[in-house]
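S.K.: Coordinates for the following, if possible.
(chains A and B)
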Amino acid sequence: MILPYLLEIKLSLRDRLVFKKDVMIRIITSFLLSMTTMELWSVIMRTSDNSGTTEGINTIKYMLLASSLTMMIDATPGDEITGRIVSGSISRDLLYPVSLPLIILGKSIGKVIATFMLNVVPIFVVLSLMYNISWTSSLSSLLLAIFFWLIGYLIYFMLNLQIDMISFWWQETFYFHYTKEAIYAFLSGALIPLWYYPDWLKRVVNLLPFKNIMYVPIATYLETVSAEEMKWNCLNMGIWFFVFLFITCLIWNIGVKKTVSNGG
Amino acid sequence: MYTVKCFFVLMRADLKSRMIYKLSPFLYIFGLILLYISAFLGNYIMLTKFKNIDGWEYGQIIFIYVFCLVSYGVRSIFFNHFTNLGGMILDGSLDNILIKPMNSFVYLVGSHFEIGGFSHIIAGGIIFFKFNHLFGVTWNVKNIIFYIIAIICASLVQSSITVIIGSCAFFVEQNEGLRRLYEGFRQFIYYPVTLYNKYIQVVLFCILPLAFATFIPAAVFLNHPVYNIMSKTSWLLFLVGITGLLSVIAVGVFNFGLSHYKSSGT
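M.R.: Sure, this is the predicted structure:
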């Protein structure tokens, strides 16, 4: 039953590895993007006399982890359904005895794994050595952070899919993705650690789902959250996961009935 | 005169074709503006928190940030098509341009506008007017004229680099890697380049001279010790000179590449 989805993960992984020159260029570009962030924050911490403090060290670690998670998040395809509707192939996909959203999830996981192996690991190691970052954290924090990130990633995936499913009604969706990226980047803690946000904004962010994708896993790993915050984070994550699951299923069920297939 | 007339006719035709779906261009531009404003807000929170980064006031950093946005916007509107030159050579669509009875360079610029570029300019404009009081610049007639010249120069610098990278496709066919490298290094110039280590500075001044699109134009206006080696007018003349040189090189490389172009026959 699960085999077609695992196969999709394998195919997606293989697909990313085919063009070796492209892989190299992607690594260099991603490295430059991460390095910009690291250079900037290193200077900020150094000039604000924070470089040796816990806050300074945690900020540098946070930004490297955020850059790494951003690379994996960015690997998620955003136009799978739109592309299928425009090309007309959705009519064939809907006939298969497998769930299309789960196939897309399989493909996304494949791309995320490929990005992790090809981009994240080498860049993470090189930048850790360049900026003298030592990663000392308990195993329980690491495992909990990985679990939180998996749930956070699924929330992001469902959000992405919801935007993609707008194509059932409106065939161009890329600009809705820009809007989504703008909101997500600012409210998730992908740009700067949320502990630098003003208090009123932190209160707003705490109620929204976006921090579960970036801030919660990283802060859990860095052990910068109190037990009280941790409980709230778990509750917030659980509620939003099921809310997103419900909305995704609802849009999918309404959308497929409205499908207008072009071309073919 | 004929070329200029053709340029405007092409520009109008291209814009008209994009307005078929009336709402799409606006949603596209709106989405991009939101994206850039969001990225800026993240930086703004960081800048307000730390106020001063390595001697740079946060108003000065925002000033440089705006230069990067606006110059990239102008470059995107007119020269984004050059990033696709490799694809045009491979699929043979460049041949169609070569048989047009007008200058190929002008045709490439005029026949395809990237309307997304407007979003950079609008986002830059919003940030400029909102934080204008922090720049420490008096906006008298002289400075306004200098600013217009500096923006034109910064845009031409980014455009020239785009044209040179695009023209590499005449020699290597696949220039996608170079384009991505340009996009990667472009992230550095949102901030003063002196914040980075010497190796990055060498790249940004000598190899991929993006520092001339933000850091040097800002020298014409900002009062920072690093700019004290020359007067503001001298910085402007230096910028104009470098821009002229880069523009000549860009057109030269394009023409040289075009003269050696062999159709792929597809």
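S.K.: Burial check on B:Ile149, number of neighbours?
M.R.: By other Cβ atoms under 10 Å in any protein chain shown, the residues close to B:Ile149 number 16. C-betas here are computed from N, CA, C, even on glycine.
S.K.: Just confirm it contacts B:Val240, I think it does.
M.R.: Yes: contact between B:Ile149 and B:Val240 holds when scored by Cβ atoms under 8 Å: they sit 7.0 Å apart.
S.K.: and the closest residue to B:Ile165 other than its chain neighbours, what helix or strand is that in?
M.R.: Closest residue in space to B:Ile165, ignoring its immediate chain neighbours: B:Leu178 at 4.7 Å, by Cβ to Cβ, 6 or more residues apart in numbering or on different chains. Following DSSP states H and E, one finds B:Leu178 within helix B:176-186.
S.K.: hmm, the following helix or strand past that helix touching chain A?
M.R.: Moving toward the C-terminus from helix B:176-186, the first helix or strand encountered (DSSP H and E) is helix B:198-202. Yes: counting by Cβ under 8 Å from any Cβ of the partner chain, contacts between helix B:198-202 and chain A involve B:Ile200.
S.K.: chain center to helix B:198-202: distance?
M.R.: Helix B:198-202 has its average C-alpha position 21 Å from the chain's average C-alpha position, going by Cα atoms, centre = their mean, to the nearest Å.
S.K.: Helix, strand, or coil at A:Ile73?
M.R.: Here A:Ile73 is helix, with the state taken from DSSP: H, G, I helix; E, B strand; the rest coil.
S.K.: same check, this time on B:Phe170
M.R.: B:Phe170 ends up helix, using three-state DSSP.
S.K.: And it, how far from B:Leu90?
M.R.: B:Phe170 sits at a distance of 12 Å from B:Leu90 (criterion: Cβ to Cβ, to the nearest Å).
S.K.: What residues sit buried inside the helix holding B:Leu178?
M.R.: Taking 16 or more other Cβ atoms under 10 Å in any protein chain shown as the neighbour-count basis, helix B:176-186 is seen to contain the buried residues B:Glu176, B:Gly177, B:Leu178, B:Arg179, B:Arg180, B:Leu181, B:Tyr182, B:Gly184, B:Phe185, B:Arg186.
S.K.: which strands and helices sit next to it?
M.R.: helix A:20-47, helix B:141-167 (3 or more Cβ pairs under 8 Å, 6 or more residues apart in numbering or on different chains; DSSP states H and E).
S.K.: Give me the contact list for it.
M.R.: By Cβ atoms under 8 Å, 6 or more residues apart in numbering or on different chains, the list of residues contacting helix B:176-186 from outside reads A:21-22, A:24-26, A:28-29, A:31-33, B:68, B:72, B:83, B:86, B:161-162, B:165-166, B:168, B:203-204, B:208, B:210.
S.K.: Now do the strand or helix carrying B:Val248: which elements does it pack against?
M.R.: Under the assignment given by DSSP H and E, the secondary-structure element containing B:Val248 is helix B:232-259. Applying 3+ Cβ pairs under 8 Å, 6+ apart, we find helix B:232-259 packed against helix B:104-110, helix B:141-167, helix B:169-172, helix B:215-219.
S.K.: For the stretch 51-200 of chain A, just list every one of the helices.
M.R.: Applying DSSP state H, counting those that start in this stretch to the stretch 51-200 of chain A gives helices spanning A:54-74, A:80-87, A:90-93, A:100-115, A:121-130, A:139-164, A:174-188, A:199-207.
S.K.: Turn these into CSV, columns for mean pLDDT, mean neighbour count and distance to chain B.
M.R.: As requested, the helices of the stretch 51-200 of chain A are arranged in CSV below (pLDDT from 0 to 100; neighbours: other Cβ atoms under 10 Å in any protein chain shown; distance: least, Cβ to the nearest Cβ, whole Å):
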stretch, mean pLDDT, mean neighbour count, distance to chain B
helix A:54-74, 91, 20, 10
helix A:80-87, 88, 20, 13
helix A:90-93, 86, 16, 21
helix A:100-115, 90, 20, 15
helix A:121-130, 93, 15, 10
helix A:139-164, 94, 18, 11
helix A:174-188, 92, 21, 3
helix A:199-207, 93, 12, 8
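S.K.: Just put those in JSON lines and tack on distance to B:Lys51.
M.R.: As requested, these are arranged in JSON lines below (distance: least, Cβ to Cβ, whole Å):
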{"stretch": "helix A:54-74", "distance to B:Lys51": "16"}
{"stretch": "helix A:80-87", "distance to B:Lys51": "44"}
{"stretch": "helix A:90-93", "distance to B:Lys51": "53"}
{"stretch": "helix A:100-115", "distance to B:Lys51": "36"}
{"stretch": "helix A:121-130", "distance to B:Lys51": "27"}
{"stretch": "helix A:139-164", "distance to B:Lys51": "32"}
{"stretch": "helix A:174-188", "distance to B:Lys51": "21"}
{"stretch": "helix A:199-207", "distance to B:Lys51": "18"}
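S.K.: closest one to B:Thr3 among the ones you listed?
M.R.: Nearest of the helices of the stretch 51-200 of chain A to B:Thr3, taken as Cβ to Cβ: helix A:174-188 at 33.9 Å.
S.K.: who touches the closest one?
M.R.: Applying Cβ under 8 Å, 6+ apart, the contact partners of helix A:174-188 are A:78-79, A:82, A:156, A:159-160, A:163, A:166, A:190-191, A:204-205, A:208, A:210-211, A:213-215, B:24, B:27-28, B:30-32, B:34-35, B:37-39, B:41-42.
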